[in-house]
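S.K.: Here is my input; please provide its structure:
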Amino acid sequence: MQPKKSTKLAVQLLIATTVSAGTFVTVAEISRKVGIPYQNLARIAHRLSQAGLVNAVRGRHGGVCLARPAAEIRLGEVIALFERNDCKGDTLISQTKKIQRRDEISLVLAVAQDAYISELNRHTLADIARNKSWKRLRI
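M.R.: Sure, this is the predicted structure:
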């Protein structure tokens with residue numbers, strides 16, 4: 001499965017906040033450093049904030065920072081937030097009644113998506129941030 005562009009941008013934003021060592025960093029700073037249009041990143045930051053993955057503060061000294069330690073944020077949690085269409089982030093089990101009304105291919109795809117998210121949940125944001133190529137994002 002190939003992640004959506006918004007999913008990739010969300011991971012980049014989270015990595016940038018991870019390497020900023022717990023301080024608030026503005027979306028504009030991340031946008032300039034990573035080369036992502038501000039409007040796109042602001043929308044993603046808002047969604048991550050609503051999901052409780054980042055804390056967002058408006059104003060002169062505002063910005064975003066991780067809402068909890070990077071070692072506690074599972075990659076599957078982030079991916080599910082942006083990739084799940086029908087299930088809205090819930091597991092297959094909680095969506096059984098909706099899926100039973102659909103054709104077999106929907107059920108197969110939902111099972112595959114759950115397996116995909118489950119595998120990604122074996123990795124944390126801290127695991128990805130340890131990769132040396134992300135060090136250049138330090139803001």
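
S.K.: Any stretches of this structure with poor pLDDT?
M.R.: 1, 85-102, 132-139 (pLDDT under 70).

S.K.: quick one: which helix or strand includes residue 77?
M.R.: helix 75-83 (DSSP states H and E).

S.K.: Which secondary structure elements does the longest helix anywhere in the chain sit against?
M.R.: Counting residues, the longest helix found in the chain (DSSP state H) is helix 104-120. Secondary-structure packing of helix 104-120 (3 or more Cβ pairs under 8 Å, 6 or more residues apart in numbering; DSSP states H and E): helix 75-83, helix 96-100. C-beta coordinates here come from the backbone N, C-alpha and C atoms, glycine included.

S.K.: what about residue 28, neighbour count?
M.R.: Per other Cβ atoms under 10 Å, the neighbour tally for residue 28 reads 12.

S.K.: Then residue 121?
M.R.: 15.
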